[in-house]
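> generate a structure from the sequence data that follows.
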Amino acid sequence: MRKSLTLSLAAATAMLAAGAAWAQPASHAGASRVETRAEVEQRTAERFGRMDANDDGVLNDADREAARRKAFDAIDADKDGAISFAEFDARRDEHRDARAERSGSDGSRAQGFARRGDRHGGMTRGADADNDGTVTEAEFTTAALTRFDRADADKDGTISLEERRNARHHSPRDKRGDQPARDAG
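Below you'll find the predicted structure:
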């Protein structure tokens, strides 16, 4: 039973990460258009609200735990406390079909999960300014706007497609060396 639960939690975490990666198209759907600082600020507040699962005003381990439990419960269709292989496959198929519907393809393109990783880790990395193990909404917003300001090369309050590409290319997260960063759109 313990091994089944451990595997189930690992599977739920993996599915959550994959789902979170695909839940991001709202910001990437318009990746080819100009994005303003005000839009980033608004979207950041919305994201923080979604990520703060227990509405305590900070992002921490409790929020991660709540997100993992929610993902587990979504996969555990028969609510028996374990995820069967059939439930796991059904969830994968649902995600593939949803991707296909959004992209107009067969959904077989494997992208997102391997690139984006942990649901909170990517968006909150570097945001914990006081290193207390939690991220407040102010810290979260400051980190997002700092990234925006760094990408806004001409300092006009907007990020063009070219600025976005240049920012990705020069990002420390871009481990591909001199290769241009792919557009996530």
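> by contact count, what packs against the helix or strand where residue 163 lies?
For residue 163, the enclosing helix or strand under DSSP states H and E is helix 161-169. On a contact count with 3 or more C-beta pairs under 8 Å, 6 or more residues apart in numbering; DSSP states H and E, helix 161-169 meets helix 137-151. No exception for glycine: its C-beta is placed from N, CA and C like everyone else's.
> and the helix or strand following the helix it packs on, what other elements does it pack with?
Next helix or strand after helix 137-151 toward the C-terminus (DSSP H and E): strand 158-159. Helices and strands touching strand 158-159, by 3+ C-beta pairs under 8 Å, 6+ apart, are strand 35-36.
> paired strands for the strand it packs on, with orientation please.
strand 158-159 (antiparallel) (DSSP bridges).
> what's the strand it pairs with in contact with?
34, 35, 36, 37, 148, 151, 152, 167 (C-beta atoms under 8 Å, 6 or more residues apart in numbering).
> and the residues you listed, which two are the farthest apart?
Spatial extent of the contacts of strand 158-159 (C-beta to C-beta) is set by the pair 36 and 167 at 15.3 Å.
> who has more neighbours out of the two?
residue 167 (18 against 14; other C-beta atoms under 10 Å).
> hmm, back to that, hey, C-alpha coordinates of the helix holding residue 163 in PDB?
The C-alpha coordinates for helix 161-169 follow below in PDB (Å, rounded to 0.1, in the frame of the first residue of the first chain):
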ATOM      1  CA  LEU A 161       8.600  39.700 -29.700                       C
ATOM      2  CA  GLU A 162      12.200  40.600 -30.500                       C
ATOM      3  CA  GLU A 163      12.800  41.800 -26.900                       C
ATOM      4  CA  ARG A 164      11.200  38.600 -25.600                       C
ATOM      5  CA  ARG A 165      13.400  36.400 -27.800                       C
ATOM      6  CA  ASN A 166      16.500  38.400 -26.800                       C
ATOM      7  CA  ALA A 167      15.700  38.100 -23.100                       C
ATOM      8  CA  ARG A 168      15.200  34.300 -23.500                       C
ATOM      9  CA  HIS A 169      18.400  34.000 -25.400                       C
END
